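> structure for the following, please:
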Amino acid sequence: MTACATAAAALEVRIDMVERQVVPPPILSNLIAPPEDLALAGARLGLSDIAATGRFMGDDFTLTETRIAPGEDLRPAIEALLADGARLILVKAPAEDMLALADLAAAEGAVIFNVSDPSEALRGADCRANVLHTTPSLAMRTDALAQFALKKRWTRLALLQGPNPEDAAFADALRASLTKFGLSLAAEKAWAFDADMRRVASEELPAFTQDLPDHDLLLVADERGDFGRYIPYNTWVPRPVAGSEGIMPLGFSGVVENWGAAQLQTRFRDLSGREMQATDFAAWAAAAAIGEAVTRTRSADPDVLHDYLLSDGFRLAGFLGTPLSFRAWDGQMRQPIPLVTERAVVVTAPLEGFLHEFSELDTLGQDRPGTSCTAFP
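Numbering: from 1, shown residues only. A predicted model of the protein is given here:
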């Protein structure tokens, strides 16, 4: 009787991973190229983890991988996947592609997980009810940094902003976070160098930063990793550096080891041969969330899973010290934000003393009263 009941309850769950490949933008210095399996390796580990649990229930989890080349029309590929039955879809793509996918008529009953794009608009005016976000928003990251600065009593702040759209978005989020926590910038400067900073950093940076007013912390908005690496130890006045360089607020990092994360990192390294990055973690978390929802609801129906993921009952053990969940007003996954250097975790936000009526995690990012998202009930 038990075996029959188990067999009858067995579920087949298909997960799709869709990646829009992009041509990396030109930068001033030579960098290690992003791994070719960024996000995909996290999804594969997530599938491995939930498949192991699923075997106890008789469930069968599968992962279908689709890569769309730069310049290729995304719509036909996505429509083909939806026609083939894809309903639980992890997406690594820019916001415009995310919205194009979410707005397809066939995607109305799908659950789409944004594992890479941090833009505020996707959680605000451009939010979609069928899109959940397992990558932190810019505001979550910059709020974490603002909490840290306030906790350290580093109230005199300066900002160096790069020339790229990502830099402007990060800098805007930083300004909003500083205002939110009662801080402000004493000065800011735009980065305008186009020289080879490997040769001239030690000569140019002291002069470039000499006219900054006295400050406790130098914030850097350089999301492509273009020039920020040359700022520490080359400024006119020695000060801590944070933001896109120095002390960095990230969704996850290879240096996170507490709360069982070391075991997660080991499994990831065994699978991919490299350190786990924030986008990998976001993809892992999306797959893990699907597995948890399937196990708890005993359903593979996307509508059932969507409702459960947004409910107060959903919790995911995410190796960050606090269970993860989704905000019902914009689909953003709540999570702590580690502030890290290249070799260690400095602190994890939200920091002690930053309180909230319902969840301290909601001190990071857009809270319900301020949301401009109207897609969720």
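> gap between stretch 40-56 and the chain center?
Centre-to-centre, stretch 40-56 and its host chain are 20 Å apart (Cα atoms, centre = their mean, to the nearest Å).
> list the buried residues for that stretch?
40-51, 54 (16 or more other Cβ atoms under 10 Å). C-beta: built from backbone N, CA, C; applies to glycine.
> contacts for stretch 289-307, please.
Residues from elsewhere that reach stretch 289-307 (Cβ atoms under 8 Å, 6 or more residues apart in numbering): 9, 11-13, 15, 46, 49-50, 53-54, 57, 59, 61, 87-88, 109-111, 113, 130, 132, 134, 308-309, 313-316, 324, 326, 333.
> buried subset of those as a ChimeraX selection?
To isolate the buried members of the contacts of stretch 289-307 in ChimeraX, using 16+ other Cβ under 10 Å:
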select :11,13,15,46,49,50,54,59,61,87,88,110,111,113,130,132,134,308,309,314,316,324,326,333
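> in strands, which of the contacts of stretch 289-307 fall?
Using DSSP state E, the subset of those located in strands is E12, V13, I15, F61, L88, V111, F113, L132, F326, M333.
> mean confidence for stretch 14-33?
Average pLDDT, stretch 14-33: 79.
> wait, I meant stretch 169-177
Averaged over stretch 169-177, pLDDT sits at 98.
> run the chain-centre distance for that stretch.
How far stretch 169-177 lies from its chain's middle: 16 Å, per Cα atoms, centre = their mean.
> and what of stretch 309-325?
The chain centre lies 15 Å from the centre of stretch 309-325; the measure is Cα atoms, centre = their mean.
> I'd like the average pLDDT over that stretch.
pLDDT averaged over stretch 309-325 gives 97.
> export it to CSV, keeping only CA atoms.
Extracted in CSV, the C-alpha atoms of stretch 309-325 (Å, rounded to 0.1, in the frame of the first residue of the first chain):
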residue,chain,number,x,y,z
LEU,A,309,6.8,30.4,-3.0
LEU,A,310,5.1,33.8,-2.2
SER,A,311,3.4,32.5,1.0
ASP,A,312,4.5,32.9,4.6
GLY,A,313,5.0,29.2,4.8
PHE,A,314,7.9,29.1,2.3
ARG,A,315,11.4,29.0,3.8
LEU,A,316,14.7,28.0,2.1
ALA,A,317,17.8,27.0,4.0
GLY,A,318,20.3,29.2,2.0
PHE,A,319,23.6,28.9,3.9
LEU,A,320,23.5,32.5,4.9
GLY,A,321,22.5,32.2,8.5
THR,A,322,18.8,33.1,8.0
PRO,A,323,16.1,31.2,6.0
LEU,A,324,15.4,32.8,2.6
SER,A,325,11.9,33.7,1.4
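> quick one, strands of this protein?
For the chain, the strands defined by DSSP E cover 12-20, 60-68, 88-92, 111-114, 131-133, 157-161, 185-190, 217-221, 241-243, 248-249, 325-326, 333-334, 337-340, 345-349.
> let's have these in TSV, adding distance to E203.
What follows is the strands of the chain, written out as TSV (distance: least, Cβ to Cβ, whole Å):
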stretch	distance to E203
strand 12-20	40
strand 60-68	43
strand 88-92	39
strand 111-114	42
strand 131-133	43
strand 157-161	17
strand 185-190	17
strand 217-221	18
strand 241-243	19
strand 248-249	26
strand 325-326	49
strand 333-334	44
strand 337-340	30
strand 345-349	30
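> now D103: phi and psi?
phi -90, psi 0 (degrees, to the nearest 10).
> so who does it touch?
R128.
> just to revisit the earlier point, from the buried residues of stretch 40-56, pick the one nearest L174.
Of all the buried residues of stretch 40-56, L174 sits closest to G42, with 26.7 Å by Cβ to Cβ.
> who's in contact with that closest one?
By Cβ under 8 Å, 6+ apart, the neighbours of G42 are V115, F268, M276, T279, D280, F281, A282, A283, W284, A285, A287.
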